[in-house]
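Engineer: pasting the structure only:
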């Protein structure tokens, strides 16, 4: 087990022994975020924005309000902001203080998102971090890094893949990845393996 996994296990053991946490309830919460929420909610939002120009405008104006029209409401009262990737600007999200993250849209945050190296390098060397993730952008593409807080969370609206004209929202959602909504990846290409 990694150091982080050992810490989580120790914390879970202490909280369970003291009666603060019921293991079955904790397992149900984790399973819900991994399998039912995961990046699925965010993928549905992105797919809707790709296929519905009015929803896209609404999402970029007030993401919290827009996603609430689809039945997604934040449980912690944070404000969701959507930022759009274009050929001239690539957006990437980080939380430099801790690991603020839109769980309701993206599910559980990846381990690397919470790690100090990502949190510090994303600000100092975003192009290098993107390269580590296999994301290569033209030199003229501006990279904008958004710093999440306890009050404001960000969702990247990635560029719609070419070759998807006429696709349904469900088909489009299958192309959206968690990393593309953080800005550390791209959506899947049409025909790419799942």
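Structural biologist: That came in fine, so what should we check first? If you're wondering where the values come from, they're calculated on a predicted model, not measured in any experiment.
Engineer: what bits of the chain have low per-residue confidence?
Structural biologist: Residues of the chain meeting the criterion pLDDT under 70: 35, 74-77, 194.
Engineer: domain-wise, how is it divided?
Structural biologist: Segmentation of the chain into domains, based on automatic domain parsing, reads 1-37, 39-182.
Engineer: nearest to residue 191, out of these?
Structural biologist: domain 39-182 (8.0 Å; Cβ to Cβ). Bear in mind the C-beta positions are built from the backbone N, C-alpha and C, glycine included.
Engineer: elements contacting the longest helix seen in the chain?
Structural biologist: Secondary structure assigned by DSSP state H gives helix 3-17 as the longest helix of the chain. Contacts defined by 3 or more Cβ pairs under 8 Å, 6 or more residues apart in numbering; DSSP states H and E place helix 3-17 against helix 23-31.
Engineer: what sits up against the helix it packs on?
Structural biologist: Here helix 23-31 makes contact (Cβ atoms under 8 Å, 6 or more residues apart in numbering) with 12, 16, 108.
Engineer: who's in contact with residue 119?
Structural biologist: The contact partners of residue 119, taken as Cβ under 8 Å, 6+ apart, are 94-96, 99.
Engineer: re earlier: nearest to residue 193, of the domains of the chain?
Structural biologist: With Cβ to Cβ, the closest approach to residue 193 among these belongs to domain 39-182: 11.3 Å.
Engineer: gap between the two ends of the closest one?
Structural biologist: Start and end residues of domain 39-182 are separated by 11 Å (Cα to Cα, to the nearest Å).
Engineer: repeat that for stretch 25-40.
Structural biologist: Using Cα to Cα, one end of stretch 25-40 lies 22 Å from the other.
Engineer: can you tell me which of the contacts of residue 119 has the most neighbours?
Structural biologist: With neighbours taken as other Cβ atoms under 10 Å, the top of those is residue 94, carrying 25 neighbours.
Engineer: could you pull up phi and psi at it?
Structural biologist: Torsion angles at residue 94 (phi, psi; degrees, to the nearest 10) stand at phi -150, psi 160.
Engineer: alright, that wraps it up for me.
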